[in-house]
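Trainee: Okay, here's the prediction I keep looking at, along with the sequence it came from:
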Amino acid sequence: MSRPNLKSAASQGVWRCHACGQLSRVSAPAAAAVSCPRCGASLHQRKPHSLQYAWAFLLAAMLCYIPANLMPIMLTEMLSGTQRDTIMSGVAYLWRSGSWPLALVVFVASVLVPLLKILSMLLLLLTVHWRSRWAPRQRTRLYRLLEVVGPWSMLDIYVVGLLVALVQLQSLATIKAGPGAIAFGAVVVLTMLSAMHFDPRLIWDVFEDDDER
Amino acid sequence: MNLHPSRPDTASPLLACHECDLLQAAPANRAQGVSCCRCGGQLLPGPAYRPSTSLALVLAGLLVFVLANAFPVVGLEAGGVKTATTLLGTTWQLSQQQMEPVALLVLLTGVLTPGLELLCLLYLLLPLSLGHAPRGFARVMRLVHVLHPWGMVEVFLLGVLVSLVKLAHMAEVHPGIGLWSFFALIVLLAGNASRFDPGMLWERYQACRDRT
Ligand SMILES: [Zn+2]
Ligand SMILES: [Zn+2]
């Protein structure tokens, strides 16, 4: 994996600007405040405090994940009474009513994606923490996948919003958003923030450090 | 000790992967885009970047963005009662129910972020395609970079489709002009994002700035 011709930019004293992608040669890594010659953003070899931020947002997301799944995200008030829907019961309702392709879409976006996002971030953070050399290419690909699927778990928030706005049929039925929606929105935002602060280059740094030794 | 960073002094353009930090020389043939040879991450987008093409996409995008937000996305008819909503109406109704955090989230990800991103791109691309350097280029580029991951128009569209199916059981649903506009908006935004090449824009900007 660590062939001699493969050198990281950091080992060559070349830093990549986070804002514009410009490469700069920084000869003194100890220099505290260097800024990008092209765009003026401050330069960092790696995202600053990447792991601390990623852990903090991930732990907050895990906390919010519990109420997001236990509390109702949607309240339907009908003549026959009030129906409280959590995320899972919404999926189950779709499944029973026969629209199983849709149930599958909502299940993937609202249940599977947030759970896999949390577990994947745990995996990435722990393997970097333990300086693991295991499957760096696959872990990088997993990170790339996380960035792509991240926003899709917003699906249920939009659905609740639309139903709330549309189903205001005075006597027949009204739909209200439940407290679970706030917690669920927080999970989506916090997992996205956690992934954004994680620096995938940390996965690869362990190979270079060992070669130097 | 050199406190002032300088460009790497090599003849062939160097690229550093933003996902694994591998330093590599850019190949001569970039028609298919350039991928990292270690982790496979995308280093440069494929087709040659032309600000005028992007500008056309952004202008069309702004037009359908206005249509998508001005006209109802879905209408509903049940027991003689008719309702219809736009994305903004959704946020209004949510905030009426003391769901301000959720309303804010929908407003930011569905309306403000994509709208602001389109305006920023217009501000950058219009002067550049005319050969002028826009003021505050670096700051606006950074704003686009920060905004981009938070635009979720395509997720909203899937949300509309799910809501349509859910409501079809209990009432008559009518897709509105807003829905078709959202379809068009997503196609235009995706076309623009796949072409977007910050490196080329920077080169274009520096060329325009040096000329004046
Ligand atoms: Zn820069
Ligand atoms: Zn790479």
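Mentor: Yep, it's here. Numbering: from 1, shown residues only, chains lettered A, B, ... in the order given. Ligands and ions are numbered 1, 2, ... in the order given.
Trainee: for the closest residue to chain B within chain A, what are its contacts?
Mentor: Distance from chain B to each residue of chain A (CB to the nearest CB) is smallest for A:Y158, at 3.0 Å. Backbone N, C-alpha and C define where each C-beta goes, glycine included. Contact criterion CB atoms under 8 Å, 6 or more residues apart in numbering or on different chains gives B:90, B:106, B:110, B:155-156, B:158-160, B:163 as the residues in contact with A:Y158.
Trainee: B:L104 now?
Mentor: If a contact means CB under 8 Å, 6+ apart, then B:L104 has B:T91 as its contacts.
Trainee: returning to that earlier point: the residue of chain A closest to chain B in helix, strand or coil?
Mentor: Under DSSP: H, G, I helix; E, B strand; the rest coil, the three-state class of A:Y158 is helix.
Trainee: burial count for residue 137?
Mentor: The chain I'm using is chain A. For A:R137, the number of neighbouring residues by other CB atoms under 10 Å in any protein chain shown comes to 14.
Trainee: Oops, wrong one, chain B.
Mentor: For B:F137, the count of nearby residues is 22 (other CB under 10 Å).
Trainee: cool, and B:E77?
Mentor: Residue neighbour count, defined by other CB under 10 Å, stands at 14 for B:E77.
Trainee: and it, which of the three is it?
Mentor: Using three-state DSSP, the structure places B:E77 in strand.
Trainee: Would you confirm that it contacts B:A168?
Mentor: No: counting by CB atoms under 8 Å, no contact exists between B:E77 and B:A168, whose distance comes to 11.6 Å.
Trainee: hang on, the earlier thing: and the contacts of A:Y158, which is closest to ligand 2?
Mentor: Of all these, the one with the least separation from ligand 2 (CB to the ion) is B:V155, at 27.8 Å.
Trainee: Where does pLDDT dip in chain B?
Mentor: Applying pLDDT under 70 to the predicted model, the residue ranges of chain B that meet it are B:1-12, B:47-49.
Trainee: Could you do chain A as well?
Mentor: The model of chain A has pLDDT under 70 over residues A:1-5, A:28-32, A:170-171, A:209-213.
Trainee: ok, now with 80
Mentor: Counting by pLDDT under 80, chain A contains low-confidence residues at A:1-6, A:27-33, A:169-172, A:208-213.
Trainee: Which residue ranges make up each domain of it?
Mentor: When chain A is parsed into structural domains using automatic domain parsing, the resulting residue ranges are A:1-45, A:47-211.
Trainee: Out of the ones you listed, which is the most enclosed?
Mentor: Compared across the domains of chain A, domain A:47-211 shows the largest average neighbour count, a mean of 19 (mean count of other CB atoms under 10 Å in any protein chain shown).
Trainee: Report how many residues lie close to the residue in chain B that ligand 1 sits nearest to.
Mentor: Sorted by distance to ligand 1 under CB to the ion, the residues of chain B start with B:A138, at 7.4 Å. B:A138 sits with 16 neighbouring residues when counted by other CB under 10 Å.
Trainee: wait, isn't it in contact with A:C39?
Mentor: Yes: between B:A138 and A:C39 there is a contact at 4.0 Å, judged by CB under 8 Å.
Trainee: okay, and the common contacts of the two?
Mentor: Taking CB under 8 Å, 6+ apart as the contact rule, B:A138 and A:C39 both touch A:19-20.
Trainee: what about stretch B:189-203, start to end distance?
Mentor: The stretch stretch B:189-203 measures 23 Å between its terminal residues, going by CA to CA, to the nearest Å.
Trainee: what's A:A109 in contact with, if anything?
Mentor: With contacts taken as CB under 8 Å, 6+ apart, A:A109 has the following neighbours: A:152-153, A:155-156, B:158.
Trainee: so what's the residue lying closest to it once chain neighbours are set aside up against?
Mentor: Residue nearest to A:A109 in three dimensions, not counting chain neighbours: A:L155, with 4.1 Å by CB to CB, 6 or more residues apart in numbering or on different chains. By CB under 8 Å, 6+ apart, A:L155 lies in contact with A:105-106, A:109-110, B:155, B:158-159, B:162.
Trainee: okay, the helix or strand hosting A:L155 in CSV with CA atoms only?
Mentor: Assignment of secondary structure by DSSP states H and E places A:L155 within helix A:155-166. Presented in CSV, the C-alpha positions along helix A:155-166 are these (Å, rounded to 0.1, in the frame of the first residue of the first chain):
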residue,chain,number,x,y,z
LEU,A,155,-37.0,13.4,3.3
ASP,A,156,-39.4,12.8,6.2
ILE,A,157,-39.0,16.4,7.4
TYR,A,158,-40.2,17.6,4.0
VAL,A,159,-43.0,15.1,3.9
VAL,A,160,-44.3,16.2,7.3
GLY,A,161,-44.0,19.8,6.3
LEU,A,162,-46.0,19.3,3.1
LEU,A,163,-48.7,17.2,4.9
VAL,A,164,-49.0,19.8,7.6
ALA,A,165,-49.5,22.6,5.0
LEU,A,166,-51.9,20.7,2.9
